[in-house]
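Enquirer: Using only what follows, build the 3D model:
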Amino acid sequence: MSTWFSGLKVWQQTCVYAVVLLIINTLIKLLFEGWASLFTFVGIIQILGGVAISTFFMWLVFRLQHPHSEE
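Expert: Sure thing, here's the model as predicted:
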């Protein structure tokens, strides 16, 4: 079964994943630590760092699944 997501190129899939992950990480941080934590340097680094690391590994998985797909 093909979905709109599987029709995207690897870098597009990775970008979609990163945006979804950023939203989820932000909501979790809001839920457990409140609004104030979003506006601190440490809070921003935690969210962006988690997204960056997870996105890199997801990109790696996409590339391993589709080694000959064009960027």
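Enquirer: Tell me which stretches of the chain form helices.
Expert: Secondary structure of the chain by DSSP state H: the helices cover 10-33, 41-65.
Enquirer: got a markdown table for those helices, with mean pLDDT too?
Expert: Formatted as a markdown table, these follow (pLDDT from 0 to 100):
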| stretch | mean pLDDT |
| --- | --- |
| helix 10-33 | 83 |
| helix 41-65 | 84 |
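Enquirer: Take the ones you listed and lay them out in TSV including mean neighbour count.
Expert: Every residue, glycine included, has its C-beta placed from N, CA and C. Formatted as TSV, the helices of the chain follow (neighbours: other Cβ atoms under 10 Å):
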stretch	mean neighbour count
helix 10-33	14
helix 41-65	13
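Enquirer: wait, isn't residue 30 in contact with residue 38?
Expert: Yes: counting by Cβ atoms under 8 Å, residue 30 touches residue 38, with 6.7 Å between them.
Enquirer: Report the separation between residue 13 and residue 26.
Expert: Distance of residue 13 to residue 26, given as Cβ to Cβ, to the nearest Å: 21 Å.
Enquirer: how close does the most centrally placed residue in the chain get to residue 11?
Expert: Most central in the chain under Cα atoms, centre = their mean is residue 18, positioned 2.2 Å from the mean C-alpha point. Residue 18 sits 10 Å away from residue 11, going by Cβ to Cβ.
Enquirer: same check, this time on residue 20
Expert: Distance, residue 20 to residue 11, using Cβ to Cβ: 15 Å.
Enquirer: can you check residue 54 too?
Expert: In this structure, residue 54 and residue 11 are 16 Å apart, going by Cβ to Cβ.
Enquirer: One more: residue 45?
Expert: Separation of residue 45 from residue 11 (Cβ to Cβ): 24 Å.
Enquirer: cool, and residue 35?
Expert: 33 Å.
Enquirer: Find the nearest non-adjacent residue to residue 63, please.
Expert: The shortest distance from residue 63 to any non-neighbouring residue, by Cβ to Cβ, 6 or more residues apart in numbering, is to residue 10 (6.1 Å).
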